[in-house]
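**Q** please work out how this folds:
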Amino acid sequence: MNHDLNSPKTMEKRFQLFSGRSNPVLAQRIATALGVDLSGLTLETFANGEIYARYDQTVRGTDVFFIQSIVGANVNDMFMELLIACDAAKRGSCRSFCAVIPHYGYARQDRKAAPREPITARLVANLLETAGVDKVITLDLHTNTIQGFFDKPVNQLTALPLFASYYRQMDLDPETLCVVSPDVGRAKAAKKLSDMLGCSIAIAHKGRPKHNMAEVTGIIGEINGKTCIVNDDMIDTGGTLVAGIKELKKLGAGDIYVCSTHGIFSGPAIERLQAAPIVECVVTDAVPLDPAVLDAPDSKVKQISVAEEFAESIRRVYDEIPVSAMFGADLNL
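**A** Next up, the predicted model:
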(Lines give C-alpha, C1' and ligand atoms only; values in the text may rest on other atoms or scores of the structure.)
Protein backbone atom coordinates (compact mmCIF):
# COMPACT_ATOMS: atom_id res chain seq x y z
CA MET A 1 0.00 0.00 0.00
CA ASN A 2 1.39 3.39 -1.02
CA HIS A 3 1.55 6.04 1.70
CA ASP A 4 2.85 9.61 1.49
CA LEU A 5 5.39 9.98 4.32
CA ASN A 6 5.13 13.77 4.03
CA SER A 7 1.39 13.90 4.53
CA PRO A 8 0.22 16.07 7.49
CA LYS A 9 -1.27 13.05 9.27
CA THR A 10 2.00 11.14 9.15
CA MET A 11 4.14 14.06 10.33
CA GLU A 12 1.74 15.22 13.05
CA LYS A 13 3.18 15.07 16.57
CA ARG A 14 1.11 13.65 19.39
CA PHE A 15 1.34 14.46 23.09
CA GLN A 16 0.43 12.37 26.12
CA LEU A 17 0.86 13.23 29.79
CA PHE A 18 1.14 10.51 32.43
CA SER A 19 1.76 10.42 36.16
CA GLY A 20 3.40 8.01 38.53
CA ARG A 21 2.23 7.51 42.10
CA SER A 22 4.71 9.75 43.93
CA ASN A 23 2.94 13.11 43.52
CA PRO A 24 -0.48 12.77 41.85
CA VAL A 25 -1.70 16.13 43.18
CA LEU A 26 1.02 18.09 41.40
CA ALA A 27 0.56 15.98 38.26
CA GLN A 28 -3.13 16.88 38.17
CA ARG A 29 -2.31 20.57 38.67
CA ILE A 30 0.14 20.43 35.76
CA ALA A 31 -2.46 18.71 33.57
CA THR A 32 -5.03 21.37 34.47
CA ALA A 33 -2.55 24.15 33.66
CA LEU A 34 -1.89 22.53 30.28
CA GLY A 35 -5.60 22.06 29.63
CA VAL A 36 -5.26 18.30 29.09
CA ASP A 37 -6.26 15.14 30.90
CA LEU A 38 -3.79 12.73 32.44
CA SER A 39 -3.68 9.69 30.19
CA GLY A 40 -4.42 6.24 31.54
CA LEU A 41 -1.66 4.16 33.10
CA THR A 42 -2.10 1.05 35.21
CA LEU A 43 0.43 0.83 38.04
CA GLU A 44 0.33 -2.05 40.48
CA THR A 45 2.60 -3.57 43.10
CA PHE A 46 2.85 -7.34 43.38
CA ALA A 47 2.76 -9.05 46.77
CA ASN A 48 6.55 -9.35 46.78
CA GLY A 49 7.01 -5.63 46.08
CA GLU A 50 7.71 -5.78 42.36
CA ILE A 51 6.10 -3.05 40.23
CA TYR A 52 3.91 -3.54 37.16
CA ALA A 53 3.11 -0.85 34.59
CA ARG A 54 0.93 -0.89 31.47
CA TYR A 55 -0.34 2.03 29.39
CA ASP A 56 -4.10 1.87 28.92
CA GLN A 57 -3.92 3.12 25.33
CA THR A 58 -1.37 3.13 22.55
CA VAL A 59 1.69 5.33 22.89
CA ARG A 60 3.06 4.50 19.44
CA GLY A 61 4.50 7.60 17.82
CA THR A 62 3.65 9.87 20.76
CA ASP A 63 5.78 12.21 22.84
CA VAL A 64 5.32 10.84 26.36
CA PHE A 65 5.78 13.16 29.35
CA PHE A 66 5.88 11.19 32.60
CA ILE A 67 5.65 13.07 35.93
CA GLN A 68 7.37 11.41 38.86
CA SER A 69 9.25 12.76 41.88
CA ILE A 70 11.97 10.46 43.23
CA VAL A 71 10.93 10.99 46.82
CA GLY A 72 8.87 9.60 49.67
CA ALA A 73 9.04 6.89 52.28
CA ASN A 74 9.27 4.42 49.38
CA VAL A 75 11.72 6.54 47.36
CA ASN A 76 13.34 3.51 45.74
CA ASP A 77 9.97 2.21 44.56
CA MET A 78 9.17 5.59 43.02
CA PHE A 79 12.44 5.57 41.11
CA MET A 80 11.91 2.00 39.95
CA GLU A 81 8.37 2.92 38.88
CA LEU A 82 9.81 5.68 36.68
CA LEU A 83 12.29 3.29 35.06
CA ILE A 84 9.62 0.66 34.43
CA ALA A 85 7.17 3.20 32.98
CA CYS A 86 9.89 4.40 30.64
CA ASP A 87 10.72 0.87 29.53
CA ALA A 88 7.04 0.14 28.88
CA ALA A 89 6.65 3.31 26.79
CA LYS A 90 9.78 2.64 24.74
CA ARG A 91 8.70 -0.94 24.09
CA GLY A 92 5.32 0.49 23.07
CA SER A 93 7.13 2.49 20.35
CA CYS A 94 6.66 5.98 21.76
CA ARG A 95 8.32 8.74 19.74
CA SER A 96 10.15 10.11 22.80
CA PHE A 97 10.05 9.81 26.59
CA CYS A 98 10.54 12.88 28.77
CA ALA A 99 10.97 12.28 32.50
CA VAL A 100 9.45 15.21 34.41
CA ILE A 101 11.15 14.92 37.81
CA PRO A 102 10.07 17.66 40.24
CA HIS A 103 12.42 16.24 42.87
CA TYR A 104 15.58 14.46 41.72
CA GLY A 105 16.32 11.90 44.41
CA TYR A 106 19.83 10.84 45.46
CA ALA A 107 21.11 14.27 44.37
CA ARG A 108 23.01 14.94 47.61
CA GLN A 109 25.63 12.36 46.72
CA ASP A 110 26.99 14.17 43.67
CA ARG A 111 30.69 13.64 44.39
CA LYS A 112 33.03 11.51 46.50
CA ALA A 113 33.46 13.42 49.75
CA ALA A 114 35.30 10.48 51.31
CA PRO A 115 36.98 7.30 50.07
CA ARG A 116 34.79 4.36 48.97
CA GLU A 117 31.61 6.45 48.63
CA PRO A 118 29.20 6.20 45.67
CA ILE A 119 28.14 9.03 43.38
CA THR A 120 24.45 8.22 43.37
CA ALA A 121 23.40 11.31 41.41
CA ARG A 122 25.45 9.98 38.50
CA LEU A 123 24.11 6.46 39.01
CA VAL A 124 20.52 7.75 38.76
CA ALA A 125 21.39 9.56 35.53
CA ASN A 126 22.96 6.41 34.09
CA LEU A 127 19.94 4.29 34.97
CA LEU A 128 17.51 6.81 33.47
CA GLU A 129 19.41 6.88 30.20
CA THR A 130 19.75 3.09 30.15
CA ALA A 131 15.98 2.76 30.59
CA GLY A 132 15.53 4.96 27.51
CA VAL A 133 14.79 8.46 28.83
CA ASP A 134 15.29 10.96 25.98
CA LYS A 135 15.09 14.20 27.97
CA VAL A 136 14.60 15.41 31.53
CA ILE A 137 12.75 18.33 33.09
CA THR A 138 13.58 18.89 36.74
CA LEU A 139 13.61 21.57 39.44
CA ASP A 140 16.44 23.09 41.51
CA LEU A 141 19.00 20.32 41.41
CA HIS A 142 21.21 20.07 44.47
CA THR A 143 24.18 21.11 42.32
CA ASN A 144 24.58 22.07 38.67
CA THR A 145 27.14 19.29 38.32
CA ILE A 146 24.30 16.78 37.98
CA GLN A 147 23.31 18.17 34.57
CA GLY A 148 26.72 17.08 33.31
CA PHE A 149 26.03 13.50 34.35
CA PHE A 150 23.56 13.21 31.45
CA ASP A 151 24.24 12.79 27.75
CA LYS A 152 20.58 13.69 27.13
CA PRO A 153 19.06 17.19 27.37
CA VAL A 154 18.27 18.36 30.91
CA ASN A 155 16.02 21.37 31.47
CA GLN A 156 16.44 22.64 35.02
CA LEU A 157 13.69 24.92 36.33
CA THR A 158 13.98 27.05 39.45
CA ALA A 159 11.52 28.14 42.13
CA LEU A 160 13.44 31.35 42.86
CA PRO A 161 11.12 33.64 40.84
CA LEU A 162 8.13 32.17 42.66
CA PHE A 163 9.74 32.82 46.04
CA ALA A 164 10.69 36.36 44.99
CA SER A 165 7.12 37.06 43.92
CA TYR A 166 5.81 35.61 47.19
CA TYR A 167 8.00 37.88 49.33
CA ARG A 168 7.42 40.96 47.19
CA GLN A 169 3.72 40.64 47.97
CA MET A 170 4.60 41.03 51.66
CA ASP A 171 6.02 44.52 51.05
CA LEU A 172 9.14 43.75 53.07
CA ASP A 173 11.55 46.71 53.21
CA PRO A 174 14.58 45.91 50.97
CA GLU A 175 16.77 48.17 53.13
CA THR A 176 16.31 45.94 56.17
CA LEU A 177 15.99 42.64 54.28
CA CYS A 178 18.74 40.04 53.84
CA VAL A 179 18.76 36.73 51.97
CA VAL A 180 20.86 34.16 53.82
CA SER A 181 22.52 31.22 52.13
CA PRO A 182 22.71 28.21 54.51
CA ASP A 183 26.14 27.29 53.11
CA VAL A 184 28.70 28.36 50.54
CA GLY A 185 27.33 25.95 47.93
CA ARG A 186 23.96 27.70 47.89
CA ALA A 187 25.46 31.22 47.71
CA LYS A 188 24.90 31.69 43.98
CA ALA A 189 21.20 30.90 44.22
CA ALA A 190 20.88 33.16 47.29
CA LYS A 191 22.53 35.97 45.32
CA LYS A 192 19.97 35.53 42.53
CA LEU A 193 17.11 35.76 45.03
CA SER A 194 18.62 38.81 46.72
CA ASP A 195 18.97 40.51 43.32
CA MET A 196 15.30 39.82 42.60
CA LEU A 197 14.32 41.35 45.93
CA GLY A 198 16.87 44.17 45.75
CA CYS A 199 18.35 43.38 49.15
CA SER A 200 21.62 42.27 50.75
CA ILE A 201 23.02 38.76 51.12
CA ALA A 202 24.77 36.80 53.89
CA ILE A 203 26.37 33.35 53.83
CA ALA A 204 26.49 30.82 56.66
CA HIS A 205 29.64 28.74 57.03
CA LYS A 206 29.05 25.25 58.36
CA GLY A 207 30.70 21.91 58.91
CA ARG A 208 29.00 18.52 58.63
CA PRO A 209 30.41 15.98 61.11
CA LYS A 210 28.03 13.29 59.80
CA HIS A 211 24.94 12.86 57.63
CA ASN A 212 21.87 14.93 58.59
CA MET A 213 23.91 16.93 61.08
CA ALA A 214 25.61 20.32 60.69
CA GLU A 215 27.52 22.80 62.78
CA VAL A 216 27.32 26.48 61.86
CA THR A 217 30.65 28.13 62.58
CA GLY A 218 29.98 31.68 61.41
CA ILE A 219 28.07 34.08 59.19
CA ILE A 220 29.61 36.13 56.37
CA GLY A 221 27.66 39.37 56.03
CA GLU A 222 25.64 41.79 58.15
CA ILE A 223 22.39 40.45 59.59
CA ASN A 224 22.08 42.37 62.88
CA GLY A 225 18.55 43.77 63.16
CA LYS A 226 17.61 42.60 59.66
CA THR A 227 14.70 40.53 58.45
CA CYS A 228 16.30 37.36 57.09
CA ILE A 229 15.13 35.00 54.37
CA VAL A 230 16.96 31.67 54.56
CA ASN A 231 16.87 29.96 51.16
CA ASP A 232 17.81 26.32 50.53
CA ASP A 233 17.10 23.69 47.90
CA MET A 234 15.78 21.09 50.34
CA ILE A 235 14.83 20.49 53.96
CA ASP A 236 15.17 16.88 55.09
CA THR A 237 15.23 16.42 58.87
CA GLY A 238 15.56 20.17 59.51
CA GLY A 239 18.60 19.77 61.76
CA THR A 240 20.91 21.84 59.56
CA LEU A 241 18.29 24.52 59.03
CA VAL A 242 17.38 24.97 62.69
CA ALA A 243 21.06 25.09 63.70
CA GLY A 244 21.59 27.92 61.25
CA ILE A 245 18.50 29.78 62.41
CA LYS A 246 19.62 29.65 66.03
CA GLU A 247 23.01 31.03 65.01
CA LEU A 248 21.31 33.87 63.13
CA LYS A 249 19.32 34.75 66.22
CA LYS A 250 22.47 34.77 68.36
CA LEU A 251 23.98 37.26 65.93
CA GLY A 252 21.01 39.62 66.25
CA ALA A 253 18.77 38.72 63.31
CA GLY A 254 15.21 40.04 63.38
CA ASP A 255 12.29 38.11 61.88
CA ILE A 256 13.39 35.00 60.02
CA TYR A 257 11.58 33.53 57.02
CA VAL A 258 12.53 30.23 55.38
CA CYS A 259 11.94 29.11 51.81
CA SER A 260 12.96 25.81 50.28
CA THR A 261 12.12 24.18 46.97
CA HIS A 262 11.90 20.65 48.30
CA GLY A 263 10.23 20.14 51.67
CA ILE A 264 11.04 16.48 52.32
CA PHE A 265 10.41 16.79 56.06
CA SER A 266 11.74 13.46 57.33
CA GLY A 267 11.43 12.39 60.96
CA PRO A 268 11.12 15.34 63.39
CA ALA A 269 11.44 18.04 60.71
CA ILE A 270 7.96 19.52 61.17
CA GLU A 271 8.28 19.59 64.96
CA ARG A 272 11.66 21.30 64.67
CA LEU A 273 10.27 23.95 62.36
CA GLN A 274 7.31 24.58 64.63
CA ALA A 275 9.65 25.08 67.59
CA ALA A 276 12.19 27.16 65.65
CA PRO A 277 12.20 30.99 65.98
CA ILE A 278 10.88 31.59 62.46
CA VAL A 279 7.83 33.37 61.10
CA GLU A 280 7.10 30.72 58.49
CA CYS A 281 8.60 28.18 56.12
CA VAL A 282 7.50 28.21 52.47
CA VAL A 283 8.02 25.15 50.26
CA THR A 284 6.78 24.11 46.83
CA ASP A 285 4.53 21.20 45.92
CA ALA A 286 7.39 19.45 44.10
CA VAL A 287 7.34 17.11 47.09
CA PRO A 288 3.92 15.98 48.34
CA LEU A 289 2.97 17.27 51.77
CA ASP A 290 0.42 15.92 54.22
CA PRO A 291 -2.60 18.30 54.04
CA ALA A 292 -2.89 18.07 57.83
CA VAL A 293 0.44 19.92 58.11
CA LEU A 294 -0.82 22.80 56.00
CA ASP A 295 -4.28 22.88 57.57
CA ALA A 296 -3.09 22.97 61.19
CA PRO A 297 -4.18 26.32 62.68
CA ASP A 298 -0.72 27.16 64.06
CA SER A 299 1.29 25.69 61.19
CA LYS A 300 4.39 27.61 60.13
CA VAL A 301 4.59 25.61 56.89
CA LYS A 302 3.15 27.20 53.75
CA GLN A 303 3.11 25.86 50.20
CA ILE A 304 3.22 27.40 46.73
CA SER A 305 2.74 25.50 43.49
CA VAL A 306 5.23 24.96 40.67
CA ALA A 307 2.55 23.49 38.40
CA GLU A 308 2.43 26.51 36.08
CA GLU A 309 6.22 26.43 35.67
CA PHE A 310 6.23 22.76 34.80
CA ALA A 311 3.25 23.13 32.47
CA GLU A 312 4.96 25.94 30.57
CA SER A 313 8.25 24.03 30.34
CA ILE A 314 6.47 20.90 29.06
CA ARG A 315 4.68 23.04 26.47
CA ARG A 316 7.96 24.59 25.36
CA VAL A 317 9.82 21.28 25.16
CA TYR A 318 7.01 19.75 23.12
CA ASP A 319 6.80 22.78 20.81
CA GLU A 320 10.61 22.94 20.61
CA ILE A 321 10.77 26.47 22.07
CA PRO A 322 13.67 27.49 24.36
CA VAL A 323 12.90 26.86 28.02
CA SER A 324 15.58 29.32 29.19
CA ALA A 325 13.41 32.24 28.03
CA MET A 326 11.06 31.51 30.93
CA PHE A 327 13.61 32.90 33.40
CA GLY A 328 15.94 35.06 31.36
CA ALA A 329 19.20 33.96 29.82
CA ASP A 330 21.29 34.94 32.86
CA LEU A 331 19.44 32.82 35.42
CA ASN A 332 21.79 29.86 35.18
CA LEU A 333 21.77 28.08 38.50
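**Q** now for the helix or strand containing residue 270, which elements pack on it?
**A** Using DSSP states H and E, residue 270 maps to helix 269-275. For helix 269-275, the elements it packs on are helix 239-250, judged by 3 or more C-beta pairs under 8 Å, 6 or more residues apart in numbering; DSSP states H and E. For every residue, glycine as well, the C-beta is placed using N, CA and C.
**Q** what packs against the helix it packs on?
**A** strand 200-210, strand 213-220, strand 227-235, strand 256-263, helix 269-275.
**Q** correct me if wrong: residue 273 contacts residue 299.
**A** No. With contact defined as C-beta atoms under 8 Å, residue 273 does not count as touching residue 299 (9.1 Å).
**Q** more neighbours: which of the two?
**A** residue 273 (23 against 15; other C-beta atoms under 10 Å).
**Q** distance-wise, check that one relative to residue 190.
**A** Using C-beta to C-beta, to the nearest Å, residue 273 is found at 20 Å from residue 190.
**Q** where exactly do the strands run in the stretch 51-200 of the chain?
**A** Secondary structure of the stretch 51-200 of the chain by DSSP state E, counting those that start in this stretch: the strands cover 51-55, 62-67, 96-101, 135-139, 154-157, 177-181, 200-210.
**Q** let me have the ones you listed in TSV, extended by mean neighbour count.
**A** Conversion of these to TSV gives the following (neighbours: other C-beta atoms under 10 Å):
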stretch	mean neighbour count
strand 51-55	17
strand 62-67	24
strand 96-101	25
strand 135-139	22
strand 154-157	21
strand 177-181	26
strand 200-210	16
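**Q** which one of those lies nearest to residue 289?
**A** The closest of those to residue 289 is strand 135-139. By C-beta to C-beta, the value is 15.2 Å.
**Q** now render the helices and strands packed on helix 239-250 as CSV, adding distance to residue 168 and mean pLDDT.
**A** Below are the helices and strands packed on helix 239-250 laid out as CSV (distance: least, C-beta to C-beta, whole Å; pLDDT from 0 to 100):
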stretch, distance to residue 168, mean pLDDT
strand 200-210, 16, 76
strand 213-220, 25, 68
strand 227-235, 12, 94
strand 256-263, 13, 97
helix 269-275, 23, 95
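**Q** how about the ones you listed, which one is nearest residue 29?
**A** The nearest among the helices and strands packed on helix 239-250, by C-beta to C-beta, is strand 256-263 at 16.0 Å.
**Q** for that closest one, what is the distance to the chain centroid?
**A** 12 Å (C-alpha atoms, centre = their mean, to the nearest Å).
**Q** and the angle from that strand to strand 177-181?
**A** Per axes from the mean of the first three to the mean of the last three C-alpha atoms, to 10 degrees, the angle that strand 256-263 makes with strand 177-181 is 40 degrees.
**Q** excluding chain neighbours, what is closest to residue 40?
**A** Nearest non-adjacent residue to residue 40, counting by C-beta to C-beta, 6 or more residues apart in numbering: residue 56, 3.1 Å away.
**Q** and that neighbour, what are its phi and psi?
**A** When read as degrees, to the nearest 10, the backbone of residue 56 gives phi -80, psi -10.
**Q** begin at 14 from now on, thanks
**A** Got it, the first residue is 14 from now on, which makes the last one we talked about residue 69.
**Q** state the pLDDT value of it.
**A** On pLDDT, residue 69 comes in at 96.
**Q** residue 27 and residue 247, how far apart?
**A** 35 Å.
**Q** neighbour count winner among those two?
**A** When neighbours are counted by other C-beta under 10 Å, residue 27 and residue 247 differ, and residue 247 comes out ahead with 21 against 14.
**Q** that one bridge partners, please.
**A** Beta bridges link residue 247 to residue 275, judged by DSSP bridges.
**Q** what does residue 64 give?
**A** In beta-bridge terms (that is, DSSP bridges), residue 64 pairs with residue 58.
**Q** I'd say it and residue 94 touch.
**A** Yes. The criterion here is C-beta under 8 Å, and residue 64 meets it with residue 94 at 5.3 Å.
**Q** now do the shared contacts for these two.
**A** Common neighbours of residue 64 and residue 94 (criterion: C-beta atoms under 8 Å, 6 or more residues apart in numbering): residue 56.
**Q** which one of the strands of the stretch 64-213 of the chain lies nearest to residue 307?
**A** Comparing the strands of the stretch 64-213 of the chain by C-beta to C-beta, strand 148-152 comes nearest, at 19.6 Å.
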